[in-house]
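K.L.:
Quick one, what's the 3D model for this:
(2 chains)
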Number of protein chains: 2
Amino acid sequence: MSDGLVLSIDGMGGDHAPDIVVEGVDIAARRSADARFLIHGDPTKLAALLEKYPRAKAQSEIVPAEKAIGMEIKASQALRQGKGSSLWNAVEAVKEGRANAVVSAGNTGAFMAISMFRLRTMEGVHRPALTTRWPNAKGGYTVMLDVGANVEANGEQLVEFAIMGEAFARAVTGVDKPSVALLNVGAEEQKGHEEIRAAAQLIRETGVDLNFQGFVEGDDIAKGTVDVVVTDGFTGNIALKTGEGTARLVGQFLREALTGGVMARLGALIAYPALQQLRKRMDPGTFNGALFLGLNGLVVKSHGSANGRGFAAAIGVAEKMARSHYREEIAHNLERLAHAEIAAAAKVGDAG
Amino acid sequence: MSDGLVLSIDGMGGDHAPDIVVEGVDIAARRSADARFLIHGDPTKLAALLEKYPRAKAQSEIVPAEKAIGMEIKASQALRQGKGSSLWNAVEAVKEGRANAVVSAGNTGAFMAISMFRLRTMEGVHRPALTTRWPNAKGGYTVMLDVGANVEANGEQLVEFAIMGEAFARAVTGVDKPSVALLNVGAEEQKGHEEIRAAAQLIRETGVDLNFQGFVEGDDIAKGTVDVVVTDGFTGNIALKTGEGTARLVGQFLREALTGGVMARLGALIAYPALQQLRKRMDPGTFNGALFLGLNGLVVKSHGSANGRGFAAAIGVAEKMARSHYREEIAHNLERLAHAEIAAAAKVGDAG
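P.N.:
As a prediction, the model looks like this:
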């Protein structure tokens, strides 16, 4: 690996690939002069696109891939037939140490499956977690995980998510000591699923180095009550999609209201720049980039429908993580967790 | 019970009681000339308020209660000390057959606990479910349950929720054959928790009379993909609160955008009537009224912060349900479910 940062890019993944991918790389290249990009995919198409983006061209290398994985292919199928695809090769570059991180806007299930298969989980991590950011009322972002990698998580796995999410928040949002809480249906100790209560107890007892705030509820995600909200992938996926759906619905209602009459249209026209600002603030592209945390390598998933700016935001997440100490921080806390668990097990052994 | 409809009202529950309660009763009274109201609470305060609302006064009877249950009291405490309170007496009127339904804006936990304790679950229902409506992109409402009565639900209980929610949707939204789906993290058969897959199988195998559409995801709630979304109380509570939080956040962003400069303010002023319409459309008051379904009696919970119009909406839900055949419909479907389960058990017995 060269001295600078190397990012492995799936050139063919996503609804608007390879165009928005190369556009995104160009934006990222302007931002980081020391970054290099390995763009995997159709060499003819990619070369033609790079001609349009000289800055991207100067910092990129095309790595030919013979095929691309479709958006509708199942994860199991991608594992069997994906070898040689742009997505597979992009992951492989991280596995082989040729790149610091991989970014793709392609098929989520295939991306997760191939990354799991090739990179494996970090020592001490049982299951990886899909991690994302939401804009919040405080003007910042709330980190949330797991938003869909695993349908279930036991207490120990939730604590691992908390440890990984905290390191992500520090690296990406820049908060020095991010606050962490578990998503629940009430703030009281005795509320919620057994797994959540077990996780809270484990965090408190094992002395894991976290700014732990106990439980928060669904509305705390948008409020920004804490920096990191931890949950299982089932609940997280449903919360994320419910939130996205609600935001879209309010947007639709607003459009309907502002096109519903002459005065409304006139008002909207005069307030147009402000409404454009609002639109930008709500655009998932500005906070694009979900991290598949807990693997031996950085894996960043962009929204499939991202535009160039959105894809550049996902590359930005990969960059920030790659330049951070997230790995050491996670390893350190996982060690504390493991030690405390061994001590607890020994105690039970003594008592028995 | 008189020939007409009798509604039992907790006069003292909620953040702005008894004022908004009596105001809400007045709106409901104007809407339904044949409805009568038993308002439980402080007789002096209620009598003074009724003087301001002659229509409410003409159709109401004050039932004195010696105390009120505070918003912060725990459910267990309410059960021990709640006797004689306006909330307890309001539930008791339904239990004793003096009213068709009870409505309160008071303490949710206390209301659920007292209702469970006094009214008990319907035959064939294992657990009651808190049921609510969300505005959706189709201009209607999506019914969702359970949004917080039970932290967990097995397959059979989810089917019971589906049966109850379907009857609620027909009675309150007027759809003849409401479509029903289970909330999940994907539409594929093999996705999600075991309980959800078990529920889907049970609905298909037992021939319960439902327009069943399989699985939907979080964003389908706001889309209005189906009329009734069924989930456990943990997931439902988090989805509901995440959605509410997101709607509030978008509202805050919109306010910030439209007060962020002279042009924005001017535009907002001109579009003011349209923005007021939007506000009304988003106001939870217009779809207020969560039903605690599955008990021997109709129990409707209003938002604690509801205004008079919101409280009247909750009374409207109680009225619609009371005038519907929901009870017979639910009983009929529960019977099918029970028969099918007995048949299935017999088959297993034969095989063994």
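K.L.:
Around chain B, which positions in the stretch 1-150 of chain A sit nearby?
P.N.:
Residues of the stretch 1-150 of chain A lying close to chain B by Cβ under 8 Å from any Cβ of the partner chain are A:135-137, A:148. Heads up, the C-betas are built off the backbone N, CA and C, glycines and all.
K.L.:
redo that, cut-off 6 Å
P.N.:
Residues of the stretch 1-150 of chain A found near chain B (Cβ under 6 Å from any Cβ of the partner chain) are A:Ala137.
K.L.:
Tell me both backbone torsions, phi and psi, for the residue in the stretch 1-150 of chain A that chain B sits nearest to.
P.N.:
Per Cβ to the nearest Cβ, the residue of the stretch 1-150 of chain A with the smallest distance to chain B is A:Ala137, at 5.5 Å. Reported as degrees, to the nearest 10, the phi and psi values for A:Ala137 are phi -70, psi -20.
K.L.:
ditto for A:Lys67
P.N.:
Taking degrees, to the nearest 10, you get phi -150, psi 170 for the backbone angles of A:Lys67.
K.L.:
what's the domain layout of chain A?
P.N.:
Annotated domains of chain A cover A:1-119, A:126-292+A:324-352 [automatic domain parsing].
K.L.:
Would you single out the least confident of those domains?
P.N.:
Per-stretch mean pLDDT for the domains of chain A is lowest at domain A:126-292+A:324-352 (a mean of 88).
K.L.:
Please determine how far A:Phe296 is located from chain B.
P.N.:
No, residue A:296 isn't Phe; it's Asn. Between A:Asn296 and chain B the distance is 26 Å, computed by Cβ to the nearest Cβ, to the nearest Å.
K.L.:
With A:Glu205 instead?
P.N.:
When A:Glu205 is compared with chain B (using Cβ to the nearest Cβ), they lie 23 Å apart.
K.L.:
Remind me what the helix or strand A:Asn237 falls within packs against, helices and strands.
P.N.:
Applying DSSP states H and E as the criterion places A:Asn237 in helix A:233-258. With contacts defined as 3 or more Cβ pairs under 6 Å, 6 or more residues apart in numbering or on different chains; DSSP states H and E, the secondary structure elements packing on helix A:233-258 are helix B:219-223, helix B:233-258, helix B:272-282.
K.L.:
Compile those into CSV and extend it with columns for mean neighbour count.
P.N.:
What follows is these, written out as CSV (neighbours: other Cβ atoms under 10 Å in any protein chain shown):
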stretch, mean neighbour count
helix B:219-223, 23
helix B:233-258, 22
helix B:272-282, 16
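K.L.:
Make CSV out of those helices and add distance to B:Arg323.
P.N.:
Converted to CSV, the helices and strands packed on helix A:233-258 look like this (distance: least, Cβ to Cβ, whole Å):
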stretch, distance to B:Arg323
helix B:219-223, 27
helix B:233-258, 26
helix B:272-282, 26
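K.L.:
so who does the residue nearest the centre of chain A touch?
P.N.:
Central residue check for chain A by Cα atoms, centre = their mean: the C-alpha nearest the mean position is that of A:Ala290, 1.7 Å away. Contact partners of A:Ala290, counting by Cβ atoms under 6 Å, 6 or more residues apart in numbering or on different chains, are A:130, A:132, A:301.
K.L.:
quick one: contacts of stretch A:53-69?
P.N.:
Contacts of stretch A:53-69 with the rest of the structure, by Cβ under 6 Å, 6+ apart, involve A:12, A:22, A:25-26, A:29-30, A:36-41, A:43, A:46, A:50, A:78, A:82, A:84-87, A:89, A:107, A:110.
K.L.:
returning to what we had before: which one of the domains of chain A lies nearest to B:Glu328?
P.N.:
Comparing the domains of chain A by their distance to B:Glu328 (Cβ to Cβ), the top pick is domain A:126-292+A:324-352, with 32.7 Å.
K.L.:
quick one, phi psi at A:Arg98?
P.N.:
Reported as degrees, to the nearest 10, the phi and psi values for A:Arg98 are phi -90, psi -10.
K.L.:
what residues does the stretch 201-350 of chain A put near chain B?
P.N.:
Residues of the stretch 201-350 of chain A lying near chain B by Cβ under 6 Å from any Cβ: A:217-219, A:221-222, A:234-235, A:237-239, A:241-247, A:249-250, A:252-253, A:257, A:260, A:263-264, A:266-268, A:270-271, A:274, A:277-278, A:281.
K.L.:
In what element of secondary structure is the closest residue to A:Leu50 other than its chain neighbours found?
P.N.:
The shortest distance from A:Leu50 to any residue that is not its chain neighbour, by Cβ to Cβ, 6 or more residues apart in numbering or on different chains, is 4.1 Å, and that residue is A:Lys57. Element membership for A:Lys57, per DSSP H and E: helix A:54-59.
K.L.:
Tell me which strands whichever helix or strand comes after that helix pairs with, and in which orientation.
P.N.:
Per DSSP H and E, the first helix or strand lying C-terminal to helix A:54-59 is strand A:60-64. Here strand A:60-64 is paired, per DSSP bridges, with strand A:35-41 (parallel).
K.L.:
Show me what counts as buried in whichever helix or strand comes after the partner strand.
P.N.:
Past strand A:35-41, heading to the C-terminal end, the next element that is a helix or strand (DSSP H and E) is helix A:43-52. Of all the residues in helix A:43-52, those buried under the rule 16 or more other Cβ atoms under 10 Å in any protein chain shown are A:45-46, A:49-50.
K.L.:
Great, nothing more from me.
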